[in-house]
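K.L.:
this is the structure alone, sequence omitted:
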């Protein structure tokens, strides 16, 4: 491929929940005149702000963010939808002479862009009704048999049904998009847990309980987005099933499970450059973009 046909650089930041991806991406964006594309299966939803650790309004004012607040929690949104919107955002950012920075912990979302996943058309209602009768184990086996990547929340029946409905074939390419640099934050598990705990306390100070209660009243508890750790854990507290201490413990337990799945997903990708020191990622990416 000659230089003129090589795509403009794309920076990708991945890592576990509470690893510091957002702050790192913002620092890189400020250094390199970049804009951030959020690859997160929860921050796409409107009104779900505190419990998803969505970038603050102040951070969004410092650096332009894409793919935040694009659908309501009760609206259908697929990996295919994300891929199409993310690709459009990348093209738009590059066209304006800026650097696209794809950042998030949703591995399937990120890989759909990097490897140009191809998707089947949406399934008819009869297919959904069929899958509704499946057990979680049956759905997992269905995805494995069809070669479809397992969603990160692989024990959530609604997530499994949604992935089974849309389906996917093998990625269109076996190597990542040219001129793409993927950096992973390699955080110690003990530090990750400590950060999750601190972040949870900050969420509670910001009004997490009121948000959980409001969303439960507005959308009910059964929609897929309400299975995110903070909403799932604090539902019981809001409806007086258990005390605050138990809700906190459940939330941290759910986050630890997600972090483990994220580690497993990203460790499979040999194109990711892992660093324990985020400042090293800033240094390297700045050098790449200014060369």
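P.N.:
Perfect, I can see it now. Remember, it's a predicted structure, so these values are computed and weren't measured experimentally.

K.L.:
pLDDT weak spots in this protein?
P.N.:
Along the chain, the model assigns pLDDT under 70 to residues 1-5, 120-123, 152-153, 167-173.

K.L.:
show me where it has strands.
P.N.:
In order along the chain, the chain carries the following strands (DSSP state E): 10-14, 34-38, 65-66, 99-104, 180-185, 272-275.

K.L.:
want to throw the ones you listed into TSV with mean neighbour count?
P.N.:
C-beta: built from backbone N, CA, C; applies to glycine. What follows is these, written out as TSV (neighbours: other CB atoms under 10 Å):
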stretch	mean neighbour count
strand 10-14	25
strand 34-38	26
strand 65-66	22
strand 99-104	25
strand 180-185	20
strand 272-275	16
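
K.L.:
and of those strands, who's closest to residue 51?
P.N.:
When those are ranked by distance to residue 51, counting by CB to CB, first place goes to strand 34-38 at 15.3 Å.

K.L.:
other SSEs contacting the closest one?
P.N.:
Where contact means 3 or more CB pairs under 8 Å, 6 or more residues apart in numbering; DSSP states H and E, strand 34-38 is packed against helix 21-32, strand 65-66, helix 79-95, strand 99-104.

K.L.:
neighbouring strands - and their directions - for the second one?
P.N.:
As defined by DSSP bridges, the strand partners of strand 65-66 come to strand 34-38 (parallel).

K.L.:
ok, residue 13 touching residue 181?
P.N.:
No. Proximity of residue 13 to residue 181 does not meet the contact threshold set by CB atoms under 8 Å, at 9.7 Å.

K.L.:
how near is residue 189 to residue 281?
P.N.:
Computed as CB to CB, to the nearest Å, the residue 189 to residue 281 distance reads 20 Å.

K.L.:
what do you get for residue 69?
P.N.:
According to CB to CB, residue 69 stands 27 Å off from residue 281.

K.L.:
neighbour-wise, which of the two wins?
P.N.:
Neighbours of residue 69 and residue 281, each counted by other CB atoms under 10 Å, are more numerous for residue 281; the result is 23 against 16.

K.L.:
what sits against the closest residue in space to the more buried one that isn't next to it in sequence?
P.N.:
What sits nearest to residue 281 in space, not counting adjacent residues and going by CB to CB, 6 or more residues apart in numbering, is residue 183, at 4.6 Å. With contact taken as CB atoms under 8 Å, 6 or more residues apart in numbering, residue 183 is in contact with 11-14, 272-275, 281, 284-285.

K.L.:
likewise residue 13?
P.N.:
The contact partners of residue 13, taken as CB under 8 Å, 6+ apart, are 21, 24-25, 28, 101-104, 183-185, 281.

K.L.:
one more time with 10 Å
P.N.:
Residues in contact with residue 13, defined by CB atoms under 10 Å, 6 or more residues apart in numbering, are 19-22, 24-25, 28, 36, 39, 101-105, 110, 181-185, 272, 278, 281, 285.

K.L.:
what do you get for residue 11?
P.N.:
If a contact means CB under 10 Å, 6+ apart, then residue 11 has 25, 28-29, 32, 34, 36, 99-103, 180-183, 281, 284-285, 288-289 as its contacts.
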